[in-house]
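In: Dropping the sequence and predicted coords here.
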Amino acid sequence: MTDPKPSTNDIFAKIRAKAAASAAPESAVNPEAQPAVSAETAPLESGTPVAAPRSTADIMAAARAKAKPADDAQPAAAKPGSTSDILAAAKKPAGSAPAGSAAPKSPADIMASIRAKAGAAPAAATQAGESVLGAAAPAAKIDPSKAAGLSAAEMIKAARTKTDGTPVVPAKPKIALPSKPLPGKSAAAKAKPEVGRRSMLTIMVGAVCTWVVLAWSSMIAASIVSLLATARFMMPNVLVEPPTKFKIGPPNDYAPGTVSTKWQAQFNIWVVNAEVDGSPVIYALSTVCTHLGCTPNWLEGEQKFKCPCHGSGFYKSGVNFEGPAPRPLERVGLRLAEDGMLEVDKSVKFQKELGQWANSSSFVGVT
Amino acid sequence: MLNPHPDLTASVLIGLGWYYLILFGMNLLWTFRSYKHDGEFRNGVPKASFWAVVTAVLLMTSAYHFTYPPDGFLIFMPLWFKNFFNAYFSNPVLYFFLSVGGLVFMIAAREWWIKPTVAWVLLNLSLLFMGLSLTDYDFRQIVGKPDNVPIVAMLFIVAFFTWIYFKRAVDNDRRMDEGRPLFEQEDNEKVLVWPDLVYTELICMVVVTAVLIFWGIALQAPLEEPASSMKTPNPSKAPWYFLGLQEMLVYFDPWLAGVVLPSIILGGLMAVPYIDFNKLGNGYYSFKQRSFAVTTFLFGFLPLWVALIVLGTFLRGPNWNFFGIYEYWDVHKVEAATNKNLSQFFWENLGGIPKGSGALDILLRESPGILLVLGYFFALPPLLGLTVLRTYFARMGVIRFLVFSNLILWMAILPIKMLLRWSFSLKYIVGIPEYFFNI
């Protein structure tokens, strides 16, 4: 106020000085009551003026010290910035109670102290609410509304102090509280002793369970629907695929001892005219490698099918002889149609290792 | 007459000129470092003078590349060396044994090659070898492919990180022998996340982005013709990081090499922390205290993964045939690779393979392979536990030891199968194509 434009550090220094002054007797009586914030808070609480706050821990300690005396009408120094602030402020009435003077170390402790307080005396609960609000309200002393040039931080502070003049109502603090301590504290702040904590808990748990169940069941339902929609895609209305039965010309298109690759690109078959067990036959081989499904190449010079992926090799007969392919190429159905043309039926496969190459539908004898 | 596959062209020489210029810059910096740290020869001449000479030669080499026409150019890989290399080194067996031998040498001679000067000489030699090889047309076709640039980079990066590991491990081993504190304890200067770590990460991010942008602009994306189920490119190669897997597929059935082995690799790596009973080497580098773990890992990583990637990338050509690094990728190269199943080998001497397609006939036919595999996975672990790995068995307990020994055996099955294929043309130990079961 003397300084028209106090810096943030100034404000903090004032807060701390005031806090230290008011906290001095208390901390002198019960130094252990200070929660384990840090060693830096020690000089503050013994009333030593320090030029500038060193850390967030300082400010928090100051806020807590301010909130310490239960009957202190002055609002607390700063808005609590964190969970630990709020918890510290809430813990205060419990701390002033005869038994609970130990510093809470864990959320469980805090919850326990709040619960004890709420269960013991409704008045204490009211105080807790007040103190929470008190902690939430900024320092009135530093109200800089008269000052001309205000820094941004001061404006914010001024905005916060507006609640200072209004009567203290044990309403919900405007701070976004973390979810865990919230139920216990709001139960305490509402100061409704007729609502037992057990029934309160039941209501909360029931509500949470409902939402969880709802969320999960809707997610599962949505997943099932999308799964069904995906399954529907497996059965298309129209399948655009080359026909499985087609004619490839008369047998004398295929000279004895040759492999024809002319249908490879269109129908994925090779047509071979070769001798099998002494008699010349024509058969159609599928161009799918039996190792991993690549398309081998017919190498005329080497008289073999050779796969470019892993080097599997097949004789002209389709029998595998090199590389990793575990079994021979598959034959597809072939017959001599009534009009004298060869007709391929790709819907049937003939595998040598199953003895199916003996099947008369797998080849056409050349006369 | 115009050679369609010229070894030397003007643009190649310009590129190599830049290559040697970079080498020159590197060695210039090394000369300064050597002058500061390396001291002198016995006669009082600083050791850096050697590097000064090397640097000067590299500068002249670079200038020679920039200025001289391709005709009558003198610095290239000699033909006799290329022929020698193609004739004797384009062989997967030799390649595999060389990579394993390299690993053994790396571990045995770790005290030697971690010395900065030795490592620098090795780096220079490998770069010179690459520079000379780049004068060969076929080598350039393979190494210069945009696909393969990351693999060339990976080779140097893997070597560098292995070197870092061995350097610090050997240093710590020495400290422990002499009773001095570990490097990590002595140099435990802590730094802050902000700014030290965040700044480092920011710089790395910027550098990586710049490299990627430069890379994306300088090298064209290796796009091919539209995919077709009717036509498979020849050779057809997986993405580079899967080439080790593709090489594994050459020796195994797809479900084994494509499904079972990768799952075991992943699951086995996850199981390592639960198997490892050695509490030493935690938080610091050490080789002596973890020699088994490090050797096993390096064997699985270097010869069985990185070397197979290199094999698949540079040495596998059309029809998945094996080609030397200076060899023309001839689509019609004929390689005798006829192979047989174990059952064929076994029954041929005993009067023919049992015929019949019933389940019992098949079991009889494949019984030698099945017994071999069962013995490998069920009889070998207890045997190992009672003999070679007795201390491990004692410290691990039954279940952990069985998991451990099975993982080791699964890892060993890959080189074993490769060697069997190469040496005996063995296709499958158990081959039941009727039921898609091949091992």
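Out: Great, that's in hand. Numbers count the residues shown, from 1 in each chain, chains lettered A, B, ... in the order given.
In: So which residues of chain B form strands?
Out: B:431-432, B:437-438 (DSSP state E).
In: do you know which of those strands lies nearest chain A?
Out: Closest approach to chain A among these (CB to the nearest CB): strand B:437-438, 4.7 Å. For every residue, glycine as well, the C-beta is placed using N, CA and C.
In: and that closest one, how far from the chain's centre?
Out: 29 Å (CA atoms, centre = their mean, to the nearest Å).
In: any idea which of the strands of chain B is most buried?
Out: Highest mean neighbour count among the strands of chain B (mean count of other CB atoms under 10 Å in any protein chain shown): strand B:431-432, with a mean of 24.
In: And the contacts of that strand?
Out: Residues from elsewhere that reach strand B:431-432, judged by CB atoms under 8 Å, 6 or more residues apart in numbering or on different chains: A:326, B:341-343, B:362, B:366, B:369, B:438-439.
In: Pick the one among those residues closest to A:F305.
Out: Distance to A:F305 across those (CB to CB) is lowest for A:P326, with 15.1 Å.
In: List the buried residues for stretch A:250-259?
Out: A:251, A:254, A:259 (16 or more other CB atoms under 10 Å in any protein chain shown).
In: wait, doesn't the first one sit right on A:E343?
Out: If I follow you right, that is A:P251. No: between A:P251 and A:E343 there is no contact under CB atoms under 8 Å: 11.3 Å.
In: Flag the shaky bits of the chain, pLDDT-wise.
Out: Assuming you mean chain A. A:1-6, A:20, A:22-197 (pLDDT under 70).
In: um, chain B though
Out: For chain B, the ranges with pLDDT under 70 are B:1-2.
In: Flag every residue of it that's near chain A.
Out: With the criterion set to CB under 8 Å from any CB of the partner chain, chain B comes near chain A through B:228-236, B:246, B:249-254, B:258, B:318-321, B:331-332, B:334, B:336-339, B:357, B:427-428, B:431, B:433-434, B:436, B:438.
In: after the longest helix anywhere in chain A, next one along is what?
Out: Across chain A, the longest stretch assigned as helix under DSSP state H is helix A:197-233. With elements assigned by DSSP states H and E, the helix or strand that comes after helix A:197-233 is strand A:245-247.
In: Can you give me the buried ones in that following strand?
Out: Buried residues in strand A:245-247 (16+ other CB under 10 Å): A:F246.
In: sorry, back to before: which of the contacts of strand B:431-432 sits closest to B:V191?
Out: Proximity of the contacts of strand B:431-432 to B:V191, judged by CB to CB, is greatest for B:I439, which lies at 52.5 Å.
In: Grab the nearest non-local neighbour of the closest one.
Out: Leaving aside its sequence neighbours, B:I439 sits nearest to B:V430 (CB to CB, 6 or more residues apart in numbering or on different chains; 4.3 Å).
In: Need the overlap of contacts for A:P251 and A:E343.
Out: Overlap of the contact sets of A:P251 and A:E343 (by CB under 8 Å, 6+ apart) consists of A:L336.
In: For B:V193, list the residues it contacts.
Out: So B:V193 contacts nothing (CB under 8 Å, 6+ apart).
In: With B:S90 instead?
Out: B:S90 neighbours (CB under 8 Å, 6+ apart): B:315, B:322-325, B:327.
In: any idea how far it lies from chain A?
Out: 15 Å (CB to the nearest CB, to the nearest Å).
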